[in-house]
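quick one, fold the following:
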Amino acid sequence: MVVSLGTRLSHRNKDMGNTQVQPPEEAYCNLDTREGLPVVQLYVMPSFFLAVLILGLPLNLLSLWVFIHRLRRWTRSTVFLFNLTLADTSWLLALPFLIHYHLGQLYWSLGLPFCTTVRMLYHNYFYLSIFFVTCISVDRYLAIVHPLRSLMLLGRRQTCVLCVVVWVAALVLSIPVAKMTMIQTCPESNRTVCALYILLSGTGETLPYSLLCSIIGFIFPLLSICYCGLRSVGELRRRPCRPDPHNKQRRLRRVLSVALVLFALFYLPYHLIRNAAIVMRAVYPDNPASWRPADLAFALEMCICSLITCVNPLFSCFIGRQFKREFRVTFAVLFPKCPGMQVASMISKQTRMKVRKRQRMATVSPVCALPAPRS
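All right, here's what the predicted structure looks like:
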């Protein structure tokens, strides 16, 4: 009686603090390296995250510098690409804590609030990436199919408001992660882990939430991209005789191809494997051994999805001509010994000289004028 009362009091004291003690999950407490999941969690994931941090953080910081200091004319796509880079950078700044967590044998010592913040950042960033890629595709659709109406629908102020709405929508979509994220204590090692809601045994909340996020955050954006792409291609094919000085058709094909590649390589496998991991827990609640293949696949998919932060700067270069030019020039200044960077710098200088020459010619008034006709 006294022991049980003391146990209840200890649990109550822990619940009153920042740590919630819940039944431990095998996915975090079993670190037997003879199995696949512990090997991925202890060695593969921190290696991937560290490589992504080393490569992705300089690329995104350089991209932000180019956006802020080098681009003089901002289009709607430029605003969306800037927000996409900002989302990448925010998640990369939280990545060192995950690296420390996985290198430290899955021991979390920073408390529940920080555990919740890190888990929410990953979830929030993932859907921010999807939403902004969708915004870029919709922007190209409006510019081609409804060019005049798009100026009224998406002016500079409306574009900024839309970006704020996207940030708020992704945050609202990630709020349930805060409720489902918990800190668990493994009984054998007394090790504290930062549990991810996808790998929890209880699926009463996780499965509906995961399916809802898949519908709102993946299926709707994918359908929107497909619809905008088909309508835009159809509109361009209806006017084949018209000149295309801005290469709209080629730029549209670029946007569609890159967006569909991102969805096929990163977003689609992530949602399929995430839902499969939760469904296996719902179908076989008393057989943890049947969960391991899906858990292993999801852990590997988390590694692959972290590469998006390195791909998005290349996406910005592929989509924006002005950003690509300024990015190459800035990169050439920072790394002049890289092959091809001197050529890129010379080409950019020649291009700037031509632009300045055209501006001077456009502003200079003629010296001689024709005489006025005599009456």
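
okay, which residue is most central for the chain?
For the chain, the residue lying nearest the average C-alpha position, counting by CA atoms, centre = their mean, turns out to be S129 (3.4 Å).

quick one: residues contacting that one.
The neighbourhood of S129, defined by CB atoms under 8 Å, 6 or more residues apart in numbering, consists of L84, A87, D88, I308, N312. Backbone N, C-alpha and C define where each C-beta goes, glycine included.

how about L260?
Contact analysis of L260 by CB under 8 Å, 6+ apart lists I225, G229.

now do it, the pLDDT please.
At L260, the predicted lDDT confidence score is 82.

let me see the ranges of the helices in the stretch 51-200 of the chain.
For the stretch 51-200 of the chain, the helices identified by DSSP state H, counting those that start in this stretch occupy 76-103, 111-145, 147-153, 156-180, in order along the chain.

mean pLDDT lowest for which of those helices?
The stretch with the lowest average pLDDT out of these is helix 147-153, scoring a mean of 77.

flag every buried residue along it.
Using 16 or more other CB atoms under 10 Å as the burial criterion, the residues of helix 147-153 that qualify are S150.

and the contacts of it?
Against helix 147-153 from outside (CB under 8 Å, 6+ apart): D139, L142, A143, H146.

just give the nearest non-adjacent residue to the last one, would you?
Put plainly, it is H146. In space, H146 comes closest to L153 once its chain neighbours are excluded; the distance is 7.6 Å by CB to CB, 6 or more residues apart in numbering.

and that neighbour, how far is that from N312?
For L153, the distance to N312 (CB to CB, to the nearest Å) stands at 25 Å.

ok, now C305?
Using CB to CB, which is the criterion applied here, C305 is 12 Å from N312.

repeat for L121
The separation that L121 has from N312, given CB to CB, amounts to 16 Å.

distance of V258 from D286?
If you measure V258 against D286 using CB to CB, the figure is 45 Å.

repeat for E205
According to CB to CB, E205 and D286 sit 19 Å apart.

check T206 too.
T206 sits 17 Å away from D286, taking CB to CB as the criterion.

same check, this time on C305
According to CB to CB, C305 and D286 sit 30 Å apart.

who's more crowded, the two?
Neighbours around C305 and D286, counted as other CB atoms under 10 Å, are more numerous at C305. The numbers are 21 against 6.

picking that back up, quick one: closest of the helices of the stretch 51-200 of the chain to H69.
Put simply, out of the helices of the stretch 51-200 of the chain the one that sits nearest H69 is helix 76-103, at 12.2 Å, with distance taken as CB to CB.

for F126, what are its contacts?
Residues in contact with F126, defined by CB under 8 Å, 6+ apart, are G217, Y270, C305.

returning to what we had before: of the contacts of S129, grab the buried ones for ChimeraX.
Below is the selection syntax for ChimeraX that covers the buried ones among these, with 16+ other CB under 10 Å defining burial:
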select :84,87,88,308,312
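
need the phi and psi values for the residue nearest to L55 when sequence neighbours are not counted.
Distance criterion CB to CB, 6+ apart; nearest residue to L55, sequence neighbours excluded, is C310 at 5.2 Å. Recorded main-chain torsions at C310 are phi -90, psi -20, according to degrees, to the nearest 10.

residues contacting C310?
For C310, the contacting residues are V52, L55, G56, L59, by CB under 8 Å, 6+ apart.

what's the answer for L84, then?
Counting by CB under 8 Å, 6+ apart, the residues that L84 touches are L128, S129, F132, V133, N312, F315, S316.

could you rerun that using 7 Å?
The neighbours of L84, taking CB atoms under 7 Å, 6 or more residues apart in numbering as the test, are S129, F132, N312.

can you tell me how far it sits from L71?
Distance, L84 to L71, using CB to CB: 14 Å.

which residue ranges make up the domains of this structure?
The chain breaks down by automatic domain parsing into domains covering 16-319, 321-359.

what's the least confident stretch among these?
Ranked by mean pLDDT, the domains of the chain end with domain 321-359 at the bottom, a mean of 57.

hmm, who's touching the helix or strand D295 falls within?
Element membership for D295, per DSSP states H and E: helix 292-305. The set of residues that contact helix 292-305 without belonging to it, under CB under 7 Å, 6+ apart, is 27, 36-37, 40-41, 44-45, 48, 126, 198-199, 266, 269-270, 273-274, 276-277, 280.

over to stretch 169-182?
Taking CB under 7 Å, 6+ apart as the criterion, the residues outside stretch 169-182 that touch it are 20, 22, 115-116, 119-120, 123-124, 127-128, 131, 195, 197, 200, 205-206, 209, 213, 216-217.

filter those down to the buried ones.
The buried subset of the contacts of stretch 169-182 - by 16+ other CB under 10 Å - is 20, 115-116, 119-120, 123-124, 127-128, 131, 195, 197, 200, 206, 209, 213, 217.
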